[in-house]
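Undergrad: Provided below for reference: sequence and predicted model.
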Amino acid sequence: MKGINLGEFEELVLLAVCILNGEAYGVTVRQEIETHTGRLPSFGAVHATLYRLQDKGYLRSKLAGATEKRGGRRKRLFVITSAGLDALRQARTVREKMWSLIPRLDTLVGLP
Amino acid sequence: MMPEDPQPTSPVWANALLEHMCRPELYEELRGDLEEAFQDRLQQTPRFLADMWYLGSVLWLLRPSLLRRRFPYAYARGPLMWKNYLLVALRVLRKQRGYAFINVAGLAVGIACCVLIALYVHHERSYDTFHPDAANLYKIVDTYTFSGRTTNSAVVSAPMGPVMVERFPEVLSTMRLTKPPRGLITIDAERQFESQQVLFADSTFFDMLGFRLIQGTTETALTAPLSIVLTENIARTYFGNTSPLGQRIKLTTFAEREYTITGVIADPPSTTHMPFEVLVSFSTFEQIAGASINNWLAYGYHTYVRLQPGVAPEALRAKLPTFIEEHIGPDLAPKYNHQLLPITDIHLSIPRRSQLSPSGNLMYVYLFAAIAVFILLIASVNFINLTTARSVERAREVGMRKTLGAHSRQLIYQFLSESLLMSLAGGVLAMVLVLSVQPLFLNLTGFEQLFTLIPPGLLWGSVFGLALAVGVLAGAYPALVMTRFQPLDVLTGRFQAIGAGARLRKGLVVLQFAISILLIIGTFVIDAQLRFFQSHDLGFEREQVLTVPIRGAIGAKRTIVKDALLELPGVQAVTTTSSLPGKNVGFGPFRLAGGDVDDNAILNRLHVDADFGETLGVTFAAGRDFSRDLPSDSSGFILNEAAVQQLGLASADAAIGRDLVVGTATATTAAAATGPILGVVRDFNFKSLHSTVDPLVMLMAPQGYQYFAIKLNTARPTTIVEHVEQLWRTHEPAYPFTYSFLDQDFQGQYLAEDQLQTLFMTFTALALFIACLGLVGLVTFTTAQRTKEIGVRKVLGASVSSVVVLVTKDFTQLVILAVGLALPLAYLGAEAWLASFAYHTEISPMLFIGAGILALALAWGATGSQAVRAALADPVKALRHE
């Protein structure tokens, strides 16, 4: 299995795309992340990540839907691919596994 | 914000920026998203803040992944692609190991040579640049003319420097040096040595030249008389780790005196024109020299001046003639011509009488620089040639790549990375070569250490740069040519690769061989001239002559020692003289009796005894030799033919019986003032064959005797040397015994030419090696190209030999052409070089023919196996691919 190496922000963006389920594009992904994390990522960060995830094959996209608000310009909608879903699942599995290996929380050794 | 307001637009300039900078295909969606978000923002924040946010977001968007690409095919240039290029390059090289090795090796050798020569040239040209104030330091030199003979002198008179400081405000300070021929240093009974590098130096030595003392203070070390400073090497050898400061030692130069050690100085670097082992205060010399220190006509002092920064030396120089006239009078002044020589120019300027160290030869330095460029040229040409040839072979591969969608630019990078890989490997190999050859190189040139010349960073940086440049050039040509090919033509075999670039390649081969042949001829000529030096009749016998310098007590016991020497078995004759052939000979003014008092001829003078003629075997043209039995002979003279001519006499016979008078202008320890000319000897070369025979006068003047010359007749010279040494010790226990053989000493004058020969041979071999490498590679390539043609010919009945001729004919023509090109140049060069010697061999046509044959033979030898193999190849296999 090749290393997936999903960054934290990349993971958030992928999750947001899944949540938005077909309505995901720059503006909405940005808002979604703000809703759940409480911080509003910069425009550039979000868009660059979306394109990067697309290059990696985790997202697919196409141009659609012009609106008056956008001055008549189309938006690019992103959906997750099966590879993307795989990546998310793997990340999650790894996390859960590591969590399960932690001894009982009340017996965790801390610094004196 | 009222809903009825017309929709405010996003900032124009931010949009313009975005449109200009971001990738065009993404512009629409980015702009749209921004617009949407902007409108949302306007609902919450005032217009101004929204604008600010917009601008900020746009700026934040301008990151590399989103920026407009200058080249549309950006994906092909990412880091991943380079990995592929490298991989393919490595594969190619592994498959074609032989060719790769040839290429890399050839280039490495070429670069290594170039680097070494560059180091040498740099060394020669950087003499005396280490002085902190070098730009303002000048040496006063002189060119004087007496009786029609011009002499360039490195020394002037003692008062000149100090008076110039007083007289000219632009002269800030002066420093004088004088160098005795040798000095004997006695520390105590056990520690004693002789040094040929003793310098008497003014106290301004340290300040002017920037030398620092390891021990002692520079302000006072050379001020007081009888002060002496040792170099670190000497101090360590004789004093170990203890400080020698304050100790008293004895030094004998012109006389023995006791000195106090006032300092220890670091050994001077190899790039100084004034090497020294021991420094003595000049004030001491003033005591020794006495009144002559103020004589404006007594030469022998190296004088340096420091000028004010910004002063043009020509301005000062123009004032010198009047200045000189003030001090030596209008009669003598025109005979002198003083100049200001920048200190950094001293080493490579013309040789001057009494100079402190041998001059480098500027001509040779340029010659070597040219050779370096040549060799580098050959190697680079080779590299380019081979790379080009090979890449043409891969036309098919190029066609495939193009079909699969490779862009021209990608192909260019492909070839570039291959050639760069090889050229950089060559560069690395060159560095390894330079480092491993280092001890040999240092031995040959006498440099101390490689990295004192150039900082290592600069050195390796330039090697790298060279390799890079060659690699790019080599890769660029085939890349540019190849990418023009139409894939369809190539794949269907319609493509004729043979002709591509052939003319260029042939031209390059001719160039390589022409340069190599030039070097071969050069080597032959040098060798012929050196052999000439060895064999040419000098007019006296130089073999089996043992020479011993007279020192210490031996001087007074001369006659006893001489008689004792004659007793030794194997000794045929002994003479005492003031100088020997090959060494500096004194000179003085002479004229015929009855001639004008002011019209003296300056002739070389040699003090000999009655046995000189017999010992050295000179032949007489007229008259007779000195005779021991005639005491009146002690005031007589013997001239050589050149002197006869100089004095204006009609013939040798006419000279016999005439009286000669010793002039007084620069008389030293002359014997009688007037005397008869007893004999005329045939000219013999008492100086090297570099120059014609100067006029010479021989007289008997016992005070000037410096050497014994002992003619031997033995098969075992070493035993005789031991006997002589024993004899020496019985009479002179203190001074060390030294000796040498005349033929070796004489030959030593040709040291420069010897070195030249070694270097030439080395570089010729290297150039030939590289050129042949290149030829081998090319021939391999062309025969591979022509396998089909050869196959067809064989099928049609061609014999093996005719095929061989076919393959070799091409480059044989090239080599012959190269010979033709090189010959005129070589001839001119050889003529010019030989002309610099008064005696030289003639250039025989055999030299050129020999060089041409050698080149051809090597070319055939190198490519022979290839040719034969091609000729013997199975035609069936060759034609199978149709």
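TA: Received it, and whenever you're ready, just let me know what you need.
Undergrad: for chain A, which segments count as helices?
TA: A:8-20, A:26-37, A:43-56, A:82-101 (DSSP state H).
Undergrad: try the stretch 501-650 of chain B
TA: B:502-535, B:558-567, B:612-616, B:641-646 (DSSP state H, counting those that start in this stretch).
Undergrad: name the helices or strands packed onto the third one?
TA: Meaning helix B:612-616. strand B:571-577, strand B:707-712 (3 or more C-beta pairs under 8 Å, 6 or more residues apart in numbering or on different chains; DSSP states H and E). (Glycine included, C-beta is placed from N, CA and C.)
Undergrad: and it, average pLDDT?
TA: For helix B:612-616, mean pLDDT is 86.
Undergrad: quick one on the thing from earlier: quick one: which of the helices and strands packed on helix B:612-616 is nearest chain A?
TA: Among the helices and strands packed on helix B:612-616, the nearest to chain A by C-beta to the nearest C-beta is strand B:707-712 (87.5 Å).
Undergrad: what's the spacing between that closest one and its chain's center?
TA: Distance of strand B:707-712 from the chain centroid (C-alpha atoms, centre = their mean, to the nearest Å) equals 36 Å.
Undergrad: just checking, what packs against it?
TA: Counting by 3+ C-beta pairs under 8 Å, 6+ apart, strand B:707-712 packs on strand B:545-549, helix B:558-567, strand B:571-577, helix B:612-616.
Undergrad: tell me who's in contact with the residue of chain B found nearest chain A.
TA: Chain B approaches chain A most closely through residue B:32 (3.3 Å), counting by C-beta to the nearest C-beta. Neighbouring residues of residue B:32 by C-beta atoms under 8 Å, 6 or more residues apart in numbering or on different chains: A:66, A:70, A:71, A:73, A:74, A:75.
Undergrad: which stretch of helix or strand covers it?
TA: helix B:24-44 (DSSP states H and E).
Undergrad: what's the first helix or strand after the helix or strand that contains residue B:329?
TA: Counting by DSSP H and E, the element that carries residue B:329 is helix B:313-332. Going down the chain from helix B:313-332, the next helix or strand is strand B:338-342, by DSSP H and E.
Undergrad: mind listing residues that contact that next one?
TA: Taking C-beta under 8 Å, 6+ apart as the rule, strand B:338-342 contacts B:135, B:137-143, B:156, B:305, B:313, B:316-317, B:320-321, B:324, B:349.
Undergrad: what about the residue of chain B closest to chain A, distance to residue B:67?
TA: 19 Å (C-beta to C-beta, to the nearest Å).
Undergrad: let me see the ranges of the helices in the stretch 151-300 of chain B.
TA: Under DSSP H, counting those that start in this stretch, the stretch 151-300 of chain B gives helices at B:160-167, B:205-209, B:232-239, B:282-289.
Undergrad: buried residues, the third one. List them.
TA: Read that as helix B:232-239. B:234, B:235, B:238, B:239 (16 or more other C-beta atoms under 10 Å in any protein chain shown).
Undergrad: could you do the last one as well?
TA: Buried residues in helix B:282-289, defined by neighbour count with 16+ other C-beta under 10 Å: B:282, B:283, B:284, B:285, B:288, B:289.
Undergrad: need those residues in CSV with pLDDT and distance to residue B:189, can you?
TA: Shown next, in CSV, are the buried residues of helix B:282-289 (pLDDT from 0 to 100; distance: C-beta to C-beta, whole Å):
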residue, pLDDT, distance to residue B:189
B:282, 91, 30
B:283, 89, 29
B:284, 87, 24
B:285, 84, 27
B:288, 76, 25
B:289, 73, 30
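Undergrad: burial of residue B:327, as a residue count?
TA: As a burial measure, residue B:327 scores 15 neighbours (other C-beta atoms under 10 Å in any protein chain shown).
Undergrad: export the helices of the stretch 501-650 of chain B to a markdown table and append columns for mean neighbour count.
TA: Output for the helices of the stretch 501-650 of chain B, formatted as a markdown table (neighbours: other C-beta atoms under 10 Å in any protein chain shown):
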| stretch | mean neighbour count |
| --- | --- |
| helix B:502-535 | 21 |
| helix B:558-567 | 15 |
| helix B:612-616 | 21 |
| helix B:641-646 | 21 |
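Undergrad: and of those, who's closest to residue B:855?
TA: helix B:502-535 (5.2 Å; C-beta to C-beta).
Undergrad: which pair of the contacts of residue B:32 spans the longest distance?
TA: A:71 and A:75 (11.5 Å).
Undergrad: quick revisit: would a markdown table of the helices and strands packed on helix B:612-616 with distance to residue B:769 and mean pLDDT be doable?
TA: A markdown table is the format used below for the helices and strands packed on helix B:612-616 (distance: least, C-beta to C-beta, whole Å; pLDDT from 0 to 100):
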| stretch | distance to residue B:769 | mean pLDDT |
| --- | --- | --- |
| strand B:571-577 | 49 | 88 |
| strand B:707-712 | 45 | 88 |
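Undergrad: how about those in a markdown table, adding mean neighbour count and distance to residue B:276?
TA: Output for those, formatted as a markdown table (neighbours: other C-beta atoms under 10 Å in any protein chain shown; distance: least, C-beta to C-beta, whole Å):
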| stretch | mean neighbour count | distance to residue B:276 |
| --- | --- | --- |
| strand B:571-577 | 21 | 29 |
| strand B:707-712 | 22 | 25 |
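Undergrad: between the ones you listed, which one is closest to residue B:301.
TA: Using C-beta to C-beta, these put strand B:707-712 closest to residue B:301, at 26.0 Å.
Undergrad: and the next element down the chain from the closest one?
TA: Defined by DSSP H and E, the subsequent element after strand B:707-712 is helix B:717-731.
Undergrad: quick one: that next one to chain centroid distance?
TA: 40 Å.
Undergrad: without its sequence neighbours, what residue ends up closest to the residue in chain A that chain B sits nearest to?
TA: When scored by C-beta to the nearest C-beta, chain A has residue A:73 as its residue closest to chain B, at 3.3 Å. Spatially, and ignoring its direct neighbours in sequence, residue A:73 is nearest to residue B:32 (3.3 Å; C-beta to C-beta, 6 or more residues apart in numbering or on different chains).
Undergrad: confidence score at that neighbour?
TA: 85.
Undergrad: surely residue B:212 meets residue B:219?
TA: No. Taking C-beta atoms under 8 Å as the definition, residue B:212 is not a contact partner of residue B:219, at 11.9 Å.
Undergrad: any shared contact partners between these two?
TA: In contact with both residue B:212 and residue B:219: residue B:206, using C-beta under 8 Å, 6+ apart.
Undergrad: tell me who's in contact with the nearest residue to residue B:756 once chain neighbours are set aside.
TA: Distances taken as C-beta to C-beta, 6+ apart put residue B:526 closest to residue B:756, at 5.9 Å, once the chain neighbours are dropped. Residues in contact with residue B:526, defined by C-beta under 8 Å, 6+ apart, are B:753, B:756, B:757, B:760.
Undergrad: any regions of chain A where pLDDT drops low?
TA: A:1-4, A:66-69, A:105-108, A:111-112 (pLDDT under 70).
Undergrad: at 50 instead, please
TA: Applying pLDDT under 50 to chain A picks out residues A:1.
Undergrad: and it, which residues reach chain B?
TA: A:25-27, A:30, A:42-45, A:47-48, A:51-52, A:63, A:66-67, A:69-71, A:73-76 (C-beta under 8 Å from any C-beta of the partner chain).
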